[in-house]
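Engineer: Got a sequence here, can you build the structure:
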Amino acid sequence: GWYSDSGLTTTFAFTTAITADTTLYAKWDDTTPPAFTSTSPATGSIINTTAAGYTLSEAVASGSITFTRTGGSADSTVHTYTFVSADMTAGSHSINTGLALVSGASYTIAFDATDLAGNPGSLSKTNVTYDTTSASATISSPASGSIVNNANVGYTLSEAVSSGNIVFTATGGNADAGSPHTYTLVGGELAAGTHSVATGMTLVDGTIYTVSIESVFDPAGNATGTVSNTNVTYDSTSVAITNTAPAASTVINTATVGYTLSEQAQSGNVRFTHTGGNADAGSPHTYTLNGADLYSGVHTLDTGLGLVDGAIYTVSFDATDMAGNAATTVSNATVLFDNIHDITVTITGNGAVTPSGATGVSHGETRTFTATPDPGYHIVSISGCGGNLSGNTFTTGAITADCTVTPNFAIDTFTVTLSAGANGAISPATA
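Structural biologist: So this is what the prediction gives:
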């Protein structure tokens, strides 16, 4: 308005006649509200403190910051911070409201102020989540004490994080001048859930490592403590199979095999595959190594496989070590399985033996023969094949090669004793 005095107390009426030089005084009212700029936290942000920031366009007479829950964890309280004098000056401000917010709740934050002319101003930020809980991280692989042949790591995050590293640190075994090796998680590897990451690290064969997930921070800035699996051995050298038996082009009469392992294996097998000779409908025959069969060192074992007499096989040896490295297969070809031994009966004297002729016996078995002398003859002895005679029954020992049973029959003999009467003699006295 217009006034006739400098104190702006007397309103000038423009209907008044002007009779001399006149000075008029003008007064303008302030109708511009205070403005908030550069406010924090921002819409959609995740925070772990109750700090707030803003810039005021002018000094204000009063103001406040209010947090009102709109989602997430329950919070029935409307939290309000009231400006103190230092918060009400024009310019930039950063304050700690000290409000007791609830972790996991989402809020709308209202900035309100009234200037010295009584004009109100306000600004709101929405979907601001308050989070004071750190993400949890676990390593599923490699497990502590395991042996691996790659630098892959499996892990689980309880919530999405903004940063994190996988670290392999040498703790024993062969020296690793490049330790520690660090892989930085990126993109989807930072999401909540289960992950398997091929880090591509160049580890050293025979080195023992501690595998850690560290430097993990969630979007609110909460730090996760380092988690580690220890005593992880990196092994890129395959187990070697040597000194295998049966050798190529040999003849065998059992399914016993021999081999040497350069290190402990987690699995393996011995396989007999038919390649010739008598037919074998059951081929291939496979024995799976287990227990002590997998230890490092020299082994001899009876596979118990049902091989076919007269069949020819290729015998193969396979193994995988504790790190998953596969051995080079060892194959020995043209192995003949011959486990039928002939027992030949050769008779001396007059008599018979049943069974007669050449008798086929499986390796390791025994055979029983019955000897019958001709009339007037008896059994003197039966020998051969490691056997023994009981009455007229002869039982061999365990047959491990061709052998001969020799029965010996002899004619019965009798003694005739002569008795002479008086006045004479008989010669000879016996016959």
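Engineer: what about Tyr295, neighbour count?
Structural biologist: 13 (other CB atoms under 10 Å). For every residue, glycine as well, the C-beta is placed using N, CA and C.
Engineer: quick one, what contacts it?
Structural biologist: By CB atoms under 8 Å, 6 or more residues apart in numbering, the contact set of Tyr295 is Leu261, Gln264.
Engineer: what about 6 Å?
Structural biologist: By CB atoms under 6 Å, 6 or more residues apart in numbering, the contact set of Tyr295 is Gln264.
Engineer: Tell me how far it lies from Gly349.
Structural biologist: Distance, Tyr295 to Gly349, using CB to CB, to the nearest Å: 57 Å.
Engineer: go on, Tyr107?
Structural biologist: Distance from Tyr107 to Gly349, counting by CB to CB: 117 Å.
Engineer: Can you pick out the residue with more neighbours from the two?
Structural biologist: Taking other CB under 10 Å, Tyr107 and Gly349 do not tie; Tyr107 has more neighbours (26 against 15).
Engineer: The more buried one and Val128 touch, don't they?
Structural biologist: Yes - between Tyr107 and Val128 there is a contact under CB atoms under 6 Å: 5.1 Å.
Engineer: need the strands for the stretch 201-350 of the chain, in chain order.
Structural biologist: With DSSP state E, counting those that start in this stretch as the criterion, the stretch 201-350 of the chain has strands at 207-217, 223-224, 227-234, 241-245, 251-252, 256-261, 265-277, 285-288, 297-302, 311-321, 330-337, 340-345.
Engineer: What pairs with the fifth one, parallel or antiparallel?
Structural biologist: When pairs are called by DSSP bridges, strand 251-252 turns out to pair with strand 330-337 (parallel).
Engineer: buried stuff in the strand it pairs with?
Structural biologist: Buried residues in strand 330-337, counted by 16 or more other CB atoms under 10 Å: Val330, Asn332, Thr334, Val335, Leu336, Phe337.
Engineer: would you list these in TSV and tack on pLDDT and distance to Gly376?
Structural biologist: Below are these laid out as TSV (pLDDT from 0 to 100; distance: CB to CB, whole Å):
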residue	pLDDT	distance to Gly376
Val330	98	64
Asn332	98	58
Thr334	97	55
Val335	97	53
Leu336	96	48
Phe337	95	47
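Engineer: can I get those in a markdown table with distance to Gly188?
Structural biologist: Shown next, in a markdown table, are the buried residues of strand 330-337 (distance: CB to CB, whole Å):
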| residue | distance to Gly188 |
| --- | --- |
| Val330 | 44 |
| Asn332 | 50 |
| Thr334 | 55 |
| Val335 | 54 |
| Leu336 | 59 |
| Phe337 | 57 |
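Engineer: Tell me the one among these nearest to Ala279.
Structural biologist: Nearest to Ala279 among the buried residues of strand 330-337 is Phe337, at 12.6 Å by CB to CB.
Engineer: From Val315, how far off is the closest one?
Structural biologist: To Val315, Phe337 is 10 Å away according to CB to CB.
Engineer: Same question for Asn243.
Structural biologist: Distance of Asn243 to Val315, computed by CB to CB: 13 Å.
Engineer: between those two, who's got more neighbours?
Structural biologist: Ranked by neighbour count (other CB under 10 Å), Asn243 and Val315 place Val315 first, with 25 against 12.
Engineer: Which residues are in contact with the residue lying closest to the more buried one once chain neighbours are set aside?
Structural biologist: Excluding its sequence neighbours, the residue lying closest to Val315 (CB to CB, 6 or more residues apart in numbering) is Asn332, at 4.8 Å. With contacts taken as CB under 6 Å, 6+ apart, Asn332 has the following neighbours: Ala247, Ala248, Val315.
Engineer: Check Thr210 too.
Structural biologist: Applying CB under 6 Å, 6+ apart to Thr210 gives the contacts Thr169, Thr171, Ser228, Thr230.
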